[in-house]
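# model the structure of this input:
(one chain, ligands or ions: 1)
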Amino acid sequence: MPVSEADRQKWNQRYTAGAYADRTHASAFLVEQLDRQSLLPAAGCWALDLACGAGRNSVFLAEQGFRVDAVDISDVGLARGLTLAQQCGVEGNITWHCRDLQSPQDLDFAHHGSYGLILMVRFVAGHLLPHLIDALTPGGVLLVEEHLQWPDGELDLSGPSSGRFRLRPGELRRGFTGADAHEVLFDEEGLYTEPDGSTAALCRMVVRAAG
Ligand SMILES: C[S@@+](CC[C@H](N)C(=O)[O-])C[C@H]1O[C@@H](n2cnc3c(N)ncnc32)[C@H](O)[C@@H]1O
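Predicted coordinates:
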């Protein structure tokens, strides 16, 4: 079975079993960054939510007036996203795309080159970063948040237990090497308290495409 098909089945099983059912709130990092007026792309512009899962961030962006392309490999996650969007009355502002982001032919996004905002939250695909800068409209913003490897093994961290799904310190920053011209607006690594009170080690960046 191809790796991505195995991933699709794994994530479908997780979502069917109720994974993240209580995580309908948007990413705290996204909310915080959109609150900073200088970073706010114009409402009404296109946003791309990569590995959108059950749609919490896509729905939040639609509620803020964005038109959203939401992409994930899990059709079960996407169906949950659609239900959440309907409950929130924003289903008309989100298009759901079942795509494999590890597959080059699936990276031809519907509004490539026109996105005012792109999100990649808690999905590790550092090799995509230069392509994502390219997918932004001039001046558009890319926001990335990933779990981070943390040296203190005693800490009980939320997120993946396997280091394979965590970035090494500095790795996110290095992923932008070779990307088209961009400005780093935010770059931070550290420990954060999650809404459920658990602790997460995260790296977070916001970059703006030249233009
Ligand atoms: C930890 S969840 C994060 C979901 C969402 N970004 C959020 O913050 O709520 C990771 C997501 O990556 C998706 N995923 C895994 N492999 C993928 C692939 N090859 N292509 C697209 N999505 C993938 C999974 O289906 C899952 O929804």
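# residues in contact with whichever residue of the chain sits closest to the ligand?
The chain approaches the ligand most closely through G53 (2.8 Å), counting by Cβ to the nearest ligand atom. C-beta coordinates here come from the backbone N, C-alpha and C atoms, glycine included. Neighbouring residues of G53 by Cβ atoms under 8 Å, 6 or more residues apart in numbering: 15, 20, 72, 74, 77, 81.
# ChimeraX command to pick out the buried ones of those?
Of those, the buried ones can be selected in ChimeraX as follows, counting by 16 or more other Cβ atoms under 10 Å:
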select :15,72,74,77,81
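# among the contacts of G53, which one has the lowest pLDDT?
On pLDDT alone, Y20 ranks lowest of these, at 91.
# doesn't it fall inside a strand?
No: Y20: not assigned to a strand; according to DSSP: H, G, I helix; E, B strand; the rest coil it is coil.
# excluding sequence neighbours, find me the nearest residue to it.
Among residues not flanking Y20 along the chain, A54 sits closest, at 5.6 Å (Cβ to Cβ, 6 or more residues apart in numbering).
# for that neighbour, which three-state class applies?
Note that with three-state DSSP, the state of A54 is coil.
# from now on call the first residue 853
I'll keep to 853 as the first residue from here, and by that count the last item is A906.
# which intervals of the protein have sub-threshold pLDDT?
The model of the chain has pLDDT under 70 over residues 853-854, 889-892.
# give me every residue in it lying close to the ligand.
856, 859, 863, 879, 903-905, 908-909, 924-926, 929, 952-954, 973-975 (Cβ under 6 Å from any ligand atom).
# how far off centre is the helix or strand harbouring E997?
Taking DSSP states H and E as the definition, one finds E997 inside strand 988-999. Relative to its chain's centre, strand 988-999 lies at 9 Å (Cα atoms, centre = their mean, to the nearest Å).
# neighbouring strands - and their directions - for that strand?
strand 967-973 (parallel), strand 1051-1061 (antiparallel) (DSSP bridges).
# which one of those strands is the most hemmed in?
Among the strands paired with strand 988-999, judged by mean count of other Cβ atoms under 10 Å, the one packed with the most neighbours on average is strand 967-973 (a mean of 25).
# got the contact list for that strand?
Residues contacting strand 967-973 (Cβ under 8 Å, 6+ apart): 879, 881-882, 893-894, 897-903, 909, 913, 918, 921, 961, 980, 984, 987-989, 991-997.
# just the buried residues from those, in PyMOL please.
Of the contacts of strand 967-973, the buried ones go into a single PyMOL selection, burial set by 16+ other Cβ under 10 Å:
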select buried, resi 879+881+882+893+897+898+899+900+901+902+903+909+913+918+921+961+980+984+987+988+989+992+993+994+995+996+997
